[in-house]
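**Student:** The sequence and its predicted three-dimensional model are supplied below.
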Amino acid sequence: MSVHTLEIDGRMVTALEGETILAAAEDAGIFIPKLCAVEGLSAPGACRLCMVEIAGQNKLRAACLTRAAEGMVVRTETSALREQRKLLVELLLAEGNHVCSVCVVNGYCELQSLAAALDVDHVRFTPRYPARTIDLSHERFGLDHNRCILCTRCVRACDEIEGAHTLDVAGRGRTARIITDLAEPWGHSESCTGCGKCVRTCPTGALFLKNKPAAEMKKDSGFIRQIIAARREKIWI
Amino acid sequence: MTPQILARAREAEQDRQSRLRDRILCCTVAGCLSSGAGAVRRSLEQEVERQGLGGAVEIAGTGCMGLCGDGPLIRSSKRDLIYSKVAPGHAPAVIAGAHPAMTADHPFYKGQRRLVLANSGRADPERIRDYIAAGGYEALLQAVTRMTPDEIISVIRRSGLRGRGGAGYPAGLKWELVARQKSPVKYVVCNADEGDPGAFMNRSVLEGDPHRVLEGMVIAGRAVGAQQGFIYARGESPLAIERLQTAIGQARNERLCGERIFDTSFNFRIDLRIGAGAYVCGEETALIASIEGGRGQPRPRPPYPPESGLWGAPTLINNVETFANVPAIVANGAEWFSKIGAPASPGTKIFALAGRVARTGLVEVPVGTSLQTIIEDIGGGVPEGYEFKAAQTGGPAGGCIPASALGVPMDYDSLPAIGTMMGSGGLIVMDSSTCMVDIARFFMEFCMEESCGKCVPCRAGTVQMHSILERITRGEGDPRDIARLMELADLLQNTSACGLGIAAPNPVISTLRYFREEYESHIHARRCPAARCRMHGEAAA
Ligand SMILES: Cc1cc2nc3c(=O)[nH]c(=O)nc-3n(C[C@H](O)[C@H](O)[C@H](O)COP(=O)(O)O)c2cc1C
Ligand code: SF4
Ligand code: SF4
């Protein structure tokens, strides 16, 4: 397999053939902000936080979708990119109903920590306060649409790893929302295996375990990488 | 179908038509039908019957003759006259040739060059014989029996034809990209999702001359090595769908599409796929997802459809009007086409002329015709008592052209230079009663509603931009709002995943560029210069 050498933020980095800029950067310890990409799942290019500058290209590129190439010179942190990321996070915060103090993942939320990392201390946009619902019909899990940022990690984990495809997106634009089966209550779902992969992959408190009190739910989407590795190594058979 | 049968069919139909005393063609596309063309056609048929002219005068349907604002339109082919605003009671006068009429040198037609709409007003879209009589399927015969795929592509490339779906991508280059792919399975897709508000160029071509589009697609199939084509049409245009179904059935019966075309080993099947009318499904990767049965949401590019499109196979996607140009280019040659229109964008473009002009409807002009010519000569100018303020082109992805730029040639390079674009051909003329902030708000609302919701800048950014614009038009604008709008516009342009989000700020940027004082008046003086927006606290007029 061929290997490419490229420059990311002034450092020489190697990337395997086909590897994305995002993955190559992470391997080298350079973490580009992101909310939708998860190692092991397909990348939808939805959150647009990982947009980077590539020398010689007049358009920004999503690092999660762009393959690293030999000799590429990438900048992941410029003041313009940082300002842009701030705006994106503010747009997300204004779009839903994010009340951290009563959220199960308070302190462990990827949206929250990203906002902190980007010094988002206030939101310049008018909060939309959308009227959204909570689905508590499942025995063990809850889905609070107020906190959903439509990253579709749950949809992809359910489809690509569990193979159930219980979750999907319905509607478009500001009315887009996560649904279970044919927009039925989750508790009625016949396809849901109850594996909980969606809950663990969700970056916010939108998907949660029912018995968790506020600020006590840690999540880690790294388990997807482990599952994929285990399957590859045939650890379970 | 064989070459001999095609020639014989053409001659027989031409002969039949020439022996008629008159052939009266009634517009049968959506615009005129809605103004009563159906009843007019029935009364003409009854009148022919009543006068016992059965074998001598034929009443038939035809495509759009352009002056939709003055419909129903009827054309007498022997007299070469067009009658406008015909009512059922006019039937005897029309048949006798005594009804007031327009001739081909009417100013509305004089500046036009009708290539794509050549058969509209002349042939019946529901009869394949009419299309054949007008020389139809000759180009396909040539392409299938006398040209290699490389030769076809070379003709398209040398013609300079650019995609009519909006961006003006060179068609020959795209065909070549698809042809070069080594894959046993390839597809040709016709993008008929036309969804800009007020646009009906593609729909009129499909309703008025469906065989032209089919012929273009089959030629494309032969050129790129595909055996299957899809037309992605909107469910909201039932008539276009019906005409396409009829035309596909006829072409298949005559072996002009389907299997063993012209008795060769070349097969090319065309199927219809009906969309539910989401604007974003016109974006090529969303369209592909929709045909595959998935959610109509754009996919990351690259890979581009020529490499990996429908079900991962190399796919050629062109607009209706792009395909409709192909038969004439193949029949008449690249040089002929490249001499029409502007050197860098040859050919013609159809515009849907609407708004404050004397004559509204569908006009087809050489690319590069000035906006002034279209509005003043063809459209008859802005009516007395009104003043031209701006023209909007490119729909929700475009911008406006102020009076100072009226001389701009309408082509793929000049329009972007002044901050707008050709788009699919929407052209709205606005006068001083139009508020430019309100126009920007209108298009932003459209983009907000039509955003697929996948990516954050477009999904949430259009909502915020719309809310700022709305606030300004309510008279509650804040002095910082213009800067906020520009900041968001930048964000959407730089980070959106597809053309919808990238282009959504264009109407705002363009109106701010030319009409900034209108924004400022709303914000600082709480006054709408066009007296259109009702300001907060203001009593209802
Ligand atoms: C939001 C969006 C909507 C679009 N809608 C259409 C459409 O309705 N019809 C069309 O032909 N192209 C549309 N396009 C452009 C297509 O993606 C594609 O470029 C085009 O069909 C290519 O055809 P052409 O090369 O013949 O122009 C749209 C693009 C975007 C981003
Ligand atoms: S529920 Fe969670 S994982 Fe699913 S889309 Fe919403 S925020 Fe993302
Ligand atoms: S730019 Fe808008 S329409 Fe395009 S993918 Fe993003 S959300 Fe969907």
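**Tutor:** Done, it's in. Ligands and ions are numbered 1, 2, ... in the order given.
**Student:** Spell out whether stretch B:278-285 and ligand 1 are in contact.
**Tutor:** Yes: Stretch B:278-285 reaches ligand 1 (C-beta under 6 Å from any ligand atom) through B:279, B:280, B:282, B:283, B:284. All C-beta spots, glycine's among them, are computed from the backbone N, C-alpha and C.
**Student:** On the three-state scheme, the residue most central in space within chain A is what?
**Tutor:** Nearest residue to the geometric centre of chain A (C-alpha atoms, centre = their mean): residue A:36, 2.6 Å. What DSSP: H, G, I helix; E, B strand; the rest coil gives for residue A:36 is coil.
**Student:** Looking at the record's assignment, how would you partition chain B?
**Tutor:** For chain B, automatic domain parsing gives the domain ranges B:18-104, B:135-338, B:345-373+B:383-428, B:436-539.
**Student:** Out of those, the one nearest chain A is which?
**Tutor:** Between chain A and those, the shortest separation by C-beta to the nearest C-beta is 3.2 Å, and it involves domain B:436-539.
**Student:** Excluding chain neighbours, what is closest to residue B:528?
**Tutor:** Nearest-residue entry for residue B:528: residue B:435, 5.4 Å, with adjacent residues in sequence omitted and distances by C-beta to C-beta, 6 or more residues apart in numbering or on different chains.
**Student:** and if you look at residue B:58?
**Tutor:** Residue B:58 sits nearest to residue B:23 (C-beta to C-beta, 6+ apart), 4.9 Å away.
**Student:** what packs against the helix or strand encompassing the one you found?
**Tutor:** Assessed by DSSP states H and E, residue B:23 sits inside strand B:22-27. Counting contacts by 3 or more C-beta pairs under 8 Å, 6 or more residues apart in numbering or on different chains; DSSP states H and E, strand B:22-27 packs against helix B:37-50, strand B:57-62, strand B:74-76, helix B:91-96.
**Student:** Just the mean pLDDT for the second one, thanks.
**Tutor:** Right, the one you point to is strand B:57-62. The pLDDT scores in strand B:57-62 average 96.
**Student:** ditto for the first one
**Tutor:** Per-residue pLDDT values across helix B:37-50 average out to 95.
**Student:** Repeat that for the last one.
**Tutor:** Here helix B:91-96 scores 93 as its mean pLDDT.
**Student:** And residue B:506, how close does it get to residue B:336?
**Tutor:** 35 Å (C-beta to C-beta, to the nearest Å).
**Student:** Compare the two (neighbour count), which wins?
**Tutor:** Neighbours were tallied for residue B:506 and for residue B:336 using other C-beta atoms under 10 Å in any protein chain shown; the higher tally belongs to residue B:506 (26 against 13).
**Student:** Contact partners for the more buried one?
**Tutor:** B:394, B:396, B:397, B:398, B:399, B:419, B:420, B:421 (C-beta atoms under 8 Å, 6 or more residues apart in numbering or on different chains).
**Student:** For chain B, what's the nearest residue on chain A?
**Tutor:** residue A:176 (3.2 Å).
**Student:** May I ask which helix or strand encompasses the residue nearest to that residue when sequence neighbours are not counted?
**Tutor:** Nearest residue to residue A:176 in three dimensions, chain neighbours excluded: residue B:453, at 3.2 Å (C-beta to C-beta, 6+ apart). Following DSSP H and E, one finds residue B:453 outside all helices and strands.
**Student:** what sits against residue B:453?
**Tutor:** A:150, A:169, A:171, A:172, A:173, A:174, A:175, A:176, B:297, B:459.
**Student:** shaky segments in chain A?
**Tutor:** A:1, A:237 (pLDDT under 70).
**Student:** Which parts of it belong to which domain?
**Tutor:** Taken from automatic domain parsing, chain A resolves into A:3-77, A:83-232.
**Student:** if we can go back for a sec, for the strand holding residue B:23, the distance to its chain's centre please.
**Tutor:** 24 Å (C-alpha atoms, centre = their mean, to the nearest Å).
**Student:** can you list contacts of the following helix or strand past that strand?
**Tutor:** On the C-terminal side of strand B:22-27, the closest following helix or strand by DSSP H and E is helix B:30-34. For helix B:30-34, contacts defined as C-beta under 8 Å, 6+ apart pick out B:26-27, B:64, B:68, B:71-73, B:200, B:203-204, B:207, B:237, B:239, B:361.
**Student:** want to try a markdown table for those residues, with secondary structure and neighbour count as columns?
**Tutor:** Output for the contacts of helix B:30-34, formatted as a markdown table (DSSP: H, G, I helix; E, B strand; the rest coil; neighbours: other C-beta atoms under 10 Å in any protein chain shown):
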| residue | secondary structure | neighbour count |
| --- | --- | --- |
| B:26 | strand | 25 |
| B:27 | strand | 32 |
| B:64 | coil | 30 |
| B:68 | helix | 25 |
| B:71 | coil | 24 |
| B:72 | coil | 27 |
| B:73 | coil | 28 |
| B:200 | coil | 25 |
| B:203 | helix | 25 |
| B:204 | helix | 30 |
| B:207 | helix | 27 |
| B:237 | coil | 23 |
| B:239 | helix | 15 |
| B:361 | strand | 25 |
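**Student:** Include distance to ligand 3 when you put these into CSV, please.
**Tutor:** Output for the contacts of helix B:30-34, formatted as CSV (distance: C-beta to the nearest ligand atom, whole Å):
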residue, distance to ligand 3
B:26, 40
B:27, 35
B:64, 31
B:68, 30
B:71, 35
B:72, 38
B:73, 37
B:200, 23
B:203, 22
B:204, 26
B:207, 28
B:237, 22
B:239, 28
B:361, 31
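**Student:** What count of nearby residues applies to residue B:516?
**Tutor:** Neighbours of residue B:516 (other C-beta under 10 Å): 12.
**Student:** So which bits of chain A are right by chain B?
**Tutor:** Contact residues (C-beta under 8 Å from any C-beta of the partner chain) of chain A with chain B: A:43-49, A:51, A:59-60, A:62, A:65, A:84, A:87-88, A:91-92, A:94-95, A:124-126, A:128, A:149-150, A:168-169, A:171-176.
**Student:** Spit out the contact partners of the nearest residue in space to residue B:89 that is not next to it in sequence.
**Tutor:** Nearest residue to residue B:89, sequence neighbours excluded (C-beta to C-beta, 6+ apart): residue B:43, at 7.4 Å. Residues in contact with residue B:43 (C-beta under 8 Å, 6+ apart) are B:88, B:89, B:91.
**Student:** If any of the residues you listed are buried, give me the PyMOL selection for them.
**Tutor:** Buried members of the contacts of residue B:43, defined by 16 or more other C-beta atoms under 10 Å in any protein chain shown, are picked up in PyMOL with:
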select buried, chain B and resi 88+91
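**Student:** Before I go, just wanted to say thanks for your time.
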